[in-house]
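Visitor: Generate coordinates for the sequence data below:
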Amino acid sequence: MISLSPVYQLGTAIANILSVKPKFTDEAPKRFALFIGLLFSVMLSVFYTLGYIKVGEGVSFVLLICALLEGFFDYCVGCKIYQLLKFFRRNPNGRF
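Guide: Here you go, the predicted model:
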């Protein structure tokens, strides 16, 4: 089913042409980051709809910075937050 997607086909073709090997990562932090991004997008829509333009611009700036960090430097802010939450859940005292 996924092989019918034009984006999947294009990505696979480009990866084959450039001989790029897949980089496998844990799915849970990426899903958490996706949820955080969705939450920020909903907040952005709500603030703009309610007329809080400056607050909406602040939220959009944070979302933009996080997306640029992921795109250019492969640094996932949501994944780092997930790791911190997981650490503090395991260690309630916060001790290393």
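Visitor: Spell out the secondary structure type for residue 22.
Guide: When classified by DSSP: H, G, I helix; E, B strand; the rest coil, residue 22 comes out as coil.
Visitor: Give the burial count for it, as a bare number.
Guide: 6 (other CB atoms under 10 Å). No exception for glycine: its C-beta is placed from N, CA and C like everyone else's.
Visitor: what residues are up against it?
Guide: By CB atoms under 8 Å, 6 or more residues apart in numbering, the contact set of residue 22 is residue 15.
Visitor: Look up phi and psi at it.
Guide: Note on residue 22: backbone dihedrals following degrees, to the nearest 10 are phi -70, psi 140.
Visitor: shaky segments in the protein?
Guide: Within the chain, the stretches with pLDDT under 70 are 1-2, 94-96.
Visitor: spatially speaking, which residue is in the middle of the chain?
Guide: residue 33 (4.0 Å; CA atoms, centre = their mean).
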